[in-house]
Structure formats: structure tokens, C-alpha cells
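**Student:** Provided below for reference: sequence and predicted model.
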Amino acid sequence: MKKDIKLIAATVVAMGLLASPIASAKEIVIKFSHVTTEATPKGKGAMLFKKLVDERLGGKVRVEVYPSSQLYGDKAVLKALLLNDVQLAAPSLSKFSKYTKQWALFDLPFLFKNPQALNCFTDSTKGQALLGAAERKGIKGLGYWLNGMKQISANHALINPEDAKGLKFRIMSSDVLKAQFEAVDANPQKMAFSEVYNALATGVIDGQENTWSNIRSKKFFEVQKDTTISNHGVLEYALVTNKRFWNSLPTDIRMQLDQIVKEVTVQVTQFALDAAVKDMQTVADSGKTNIHTLTDSQKQQWVSAMKPVWAQFEDQVGKDNIAAVQQCNAKN
Ligand code: LMR
């Protein structure tokens, strides 16, 4: 009898270990790997997350932040996340096509009118449901983090869509972005973020698209003679974790982390809105790139050239999601 009880006790302990192989009674370490510098909306968000965890969960949870692709680039980080080698990452939604096709919605050119419309959608019931799109693959979306509207640059002025013809543009790994540049007869090249500056500097590529924050922090403006205020697309991140890891956390800790994520997400929006203004000003003041503003009719030409791309992807991203974004556009 005694033996049986011991055996049962040992089995229960073993099962407990098996059911919760990742989180233990020891300090929980959360490695957060990302690709931008610390002086960006995402970089600041990661540091704020670490600070709040230190303050509220110090001794129980420790966050280690690895910025600037120090640990992983965005392709590798998602593999590492699934192996639980890192526990948090925040790649652009454009980089998840292996895990969900639905997040391609965010890449549709000229879909979102402004960051406010983007926030309106991500806060909506549809937007929140979409955050779970990669869960089947083990990737849990914890929140959307804003960066902002993308601008386009090259070494000559991009005023009409014809100006992009034949140029090689770096894109993130997204088929929508590929189609977007093919729609203006340009040559899109998928490339890691960390390689863009050198590729521009050495002429391996002619141009790029990104937000003011990334154009400034990665110094793209120093190697691009002309930058157009195109606001043709958005850069939005998914703050993601390994679903199994997150679910294995003690409930009280998980709830506190969820609360911290919520608070940081609100702050990241503010960091991003501020960066869009300040970083554009810094780039303009540098005098290293000519900044071009489009007239309404010039902008309309880009819209007409790029918007047909939607038809190729609307089944994949959901016409209902597109309609929900349009409702947000109307309100903002
Ligand atoms: C890019 O690759 O251009 C961006 O996704 C980088 C980033 O994380 O902002």
C-alpha cells in the first residue's frame, strides 16, 4: 500500500513536470529579441516591458532584451520562438506568411488611411480575432504594436508611379509587397532589415520603403537622394510569444504579464506617433535626402497603380476585414 502511494506520488510529480516542462519554480527568464535599435517605438516598448516586469515581478520573472538583430533576424526569430529559445518577439506582420496568410491584410497598399484608422481596426472585434491567426502554428499574438506609415525612397525623385519602373526595391518577406512593386513595374527583392543599409550604400538595391522611424534609425536617408511622403502602407508589429510557454506560466504571473503588455502597447502607440513626427523632422533637417510631397493627383496615380493588388489577396485576407478597415477609415 505504502509502495503504491509512493508510486502514485512519483507519477503525479513526473506528470506535473511533463505538463509544465518550460516554466519552473525558479526565476522565469523571458528573452525578447528584435531587430530595431532601442531608440525606436519597438525598442522603447521592449525596454518598458522589461522595466515594468522588474518592478512588479522582480525575482520571479526576468526579461532580457536583445535589440538590433543581435540575437536573431526576423526569419530566424520565429523559428527560435517555436523552439522556446526566445519567448518574445515583435516582427512586422508582413513577415508571418509561413504561419498565417491572413496578416497579409496589413500590407495591402493604400488600405489604411492613417495610424488612427489602423488602431481603430486593431482594437475592433475583427482586429482582435485576427490577432489569433497564427495560434494553430504555436505562435500566440499578445498585442499589436504600431510603428507607422511607410514612405518610399530611391536615388531619384519618385513622383509618379513610372518613376519606380525598373528599380530594385528592398521589401520585407511579403507576397503582397512583391505584388505592390510589380504593379509599378519595379523589381522587388526580399531582404533582411539588417542588410538594407549596405545594400542601398553599395547599389545592390536602388530603393526601399519604410517608416520615418526606421529610415532615421537605420540611416537609410544618408544613402537615398530622394524620399517621397507616400504614406502608401503601414508597418505594424505583432508582439508574439510561444503559445505553449505562455500557457505553462503560473496563472497569476501570466495575468500580470498580460496586464503589462496592455499598458506597454498603449505607450508604444504614443512612441510611434511621436517618432513619425520627430524622425521625419530629423531626416528633413539633415539635408541628406530631398523630401517630396505629392499633389492629390500624383498620389491618386500611385493609388490607381497599386490598389488592383487587393483583388489578388482579398480572399486570403478576408473581404470582411477589408470592409472593417474601410469603416475605420471613414471614422478617422
Ligand atoms: C523591416 O524589416 O523593414 C521592419 O520590419 C523592421 C522593423 O522591425 O521595424
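**Tutor:** Now that the structure is in, tell me what you want to look at.
**Student:** can you tell me which residues contact residue 256?
**Tutor:** 56-57 (C-beta atoms under 8 Å, 6 or more residues apart in numbering). To be clear about C-beta, it is placed using only N, CA and C from the backbone, and glycine gets the same treatment.
**Student:** gap between it and residue 48?
**Tutor:** 15 Å (C-beta to C-beta, to the nearest Å).
**Student:** One more: residue 36?
**Tutor:** 14 Å.
**Student:** neighbour count winner among these two?
**Tutor:** The residue with more neighbours, out of residue 36 and residue 48, is residue 36; 23 against 16, by other C-beta atoms under 10 Å.
**Student:** Can you give me the end-to-end span of stretch 283-301?
**Tutor:** Across its full length, stretch 283-301 reaches 26 Å between end residues, using C-alpha to C-alpha, to the nearest Å.
**Student:** just checking, residue 112 touches residue 234?
**Tutor:** Yes - in this structure, residue 112 is within contact of residue 234 by C-beta atoms under 8 Å, at 4.9 Å.
**Student:** which residues are in contact with both of these two?
**Tutor:** With C-beta under 8 Å, 6+ apart as the test, residue 112 and residue 234 both reach 106, 118, 149.
**Student:** quick one: which of the residues you listed sit in helices?
**Tutor:** Using DSSP state H, the members of the shared contacts of residue 112 and residue 234 that fall in helices are residue 118.
**Student:** can you map out the helices along the stretch 201-332 of the chain?
**Tutor:** Assigned by DSSP state H, counting those that start in this stretch, the helices in the stretch 201-332 of the chain fall at 212-217, 243-248, 251-286, 296-306, 309-317, 319-331.
**Student:** tell me which residues of the longest one are tucked away?
**Tutor:** Spelled out, it's helix 251-286. 253, 256-257, 260-261, 264-265, 267-269, 271-273, 275-276, 279-280, 283 (16 or more other C-beta atoms under 10 Å).
**Student:** Around the ligand, which positions in the stretch 151-300 of the chain sit nearby?
**Tutor:** Applying C-beta under 6 Å from any ligand atom, one finds that the stretch 151-300 of the chain approaches the ligand through 172, 193, 210, 214, 235.
**Student:** Show me the beta-bridge partners of the third one.
**Tutor:** Read that as residue 210. Per DSSP bridges, the residues bridged to residue 210 are residue 151.
**Student:** list the contacts for it?
**Tutor:** Here residue 210 is in contact with 150-151, 196, 218, 220, 235 (C-beta under 8 Å, 6+ apart).
**Student:** could you dump those to JSON lines with pLDDT?
**Tutor:** Shown next, in JSON lines, are the contacts of residue 210 (pLDDT from 0 to 100):
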{"residue": "150", "pLDDT": "98"}
{"residue": "151", "pLDDT": "98"}
{"residue": "196", "pLDDT": "98"}
{"residue": "218", "pLDDT": "98"}
{"residue": "220", "pLDDT": "98"}
{"residue": "235", "pLDDT": "98"}
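**Student:** what number of residues lie near residue 32?
**Tutor:** Residue 32: 25 neighbours (other C-beta under 10 Å).
**Student:** Identify the residue nearest it in space, chain neighbours excluded?
**Tutor:** residue 88 (4.0 Å; C-beta to C-beta, 6 or more residues apart in numbering).
**Student:** Look at that neighbour and say how many residues are nearby.
**Tutor:** Neighbours of residue 88 using other C-beta under 10 Å come to 25.
**Student:** The one 5 residues further on now?
**Tutor:** Residues lying near residue 93 (other C-beta under 10 Å) number 29.
**Student:** ok, it - contacts?
**Tutor:** 103, 106-107, 144, 236-238.
**Student:** Give me the buried positions along the helix or strand hosting residue 188.
**Tutor:** For residue 188, the host element (DSSP states H and E) is strand 187-190. If you call a residue buried by 16+ other C-beta under 10 Å, then strand 187-190 has these buried ones: 187-189.
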